[in-house]
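Colleague: Provided below are the primary sequence and the corresponding predicted coordinates.
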Amino acid sequence: MSVTPEELRAAAGAADAVSGDLQAPIAVAKRDIEAAGTALKSWHIGPDMERVAHDWGMALDELSKRIGGDPESAASRLRRTADGHQFNEDVTAQSFQGR
């Protein structure tokens, strides 16, 4: 398998972009879910809706963080892999240069 550090960094950038693009739709989804939970609060199903709103809100936030924008996100891991790959390439090149 041949993957260059540049390709890994480009994939990390794409993951960050996807995470950024998700921010507005996630905010809308969370707002709508919370509004539904609030609207149905007095109904028999109200507590369940509030729980669903909370759980989905947390899940959507976690999805965004796992893709990008977090130190442990896929984007961050791709960058660390690129850095490690570049380091190994540099060390290997230096060993052939007699340094």
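Modeller: Arrived safely.
Colleague: which residues does S19 contact?
Modeller: Going by Cβ atoms under 8 Å, 6 or more residues apart in numbering, S19 touches 64-65, 67-69, 73, 75. Every C-beta, even on glycine, is put in place using the N, C-alpha and C of the backbone.
Colleague: Tell me the pLDDT of it.
Modeller: Looking at S19, its pLDDT reads 93.
Colleague: Let's verify it: helix, strand, or coil?
Modeller: Here S19 is helix, with the state taken from DSSP: H, G, I helix; E, B strand; the rest coil.
Colleague: Disregarding flanking residues, what is the spatial nearest neighbour of it?
Modeller: Excluding the flanking residues, the one nearest S19 by Cβ to Cβ, 6 or more residues apart in numbering is G68, at 3.3 Å.
Colleague: For PyMOL, what selects the buried ones among the contacts of S19?
Modeller: The buried residues among these can be selected in PyMOL (16 or more other Cβ atoms under 10 Å) with this line:
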select buried, resi 64+67+68+69+73+75
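Colleague: Make JSON lines from the contacts of S19 and add secondary structure and distance to I33 to it.
Modeller: Supplementary listing: these in JSON lines, determined by DSSP: H, G, I helix; E, B strand; the rest coil; distance: Cβ to Cβ, whole Å:
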{"residue": "S64", "secondary structure": "helix", "distance to I33": "15"}
{"residue": "K65", "secondary structure": "helix", "distance to I33": "18"}
{"residue": "I67", "secondary structure": "helix", "distance to I33": "20"}
{"residue": "G68", "secondary structure": "coil", "distance to I33": "23"}
{"residue": "G69", "secondary structure": "coil", "distance to I33": "21"}
{"residue": "S73", "secondary structure": "coil", "distance to I33": "23"}
{"residue": "A75", "secondary structure": "helix", "distance to I33": "26"}
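Colleague: Give me the phi and psi for P71.
Modeller: Dihedral pair for P71: phi -60, psi -20, per degrees, to the nearest 10.
Colleague: pLDDT at it, what is it?
Modeller: 89.
Colleague: Next: the one 5 residues further on.
Modeller: What the model reports for S76 is a pLDDT of 94.
Colleague: one step back: pretty sure the residue nearest to S19 contacts D16?
Modeller: Yes: the pair G68 / D16 is scored as a contact, 3.8 Å apart, by Cβ atoms under 8 Å.
Colleague: Brilliant, that's me finished.
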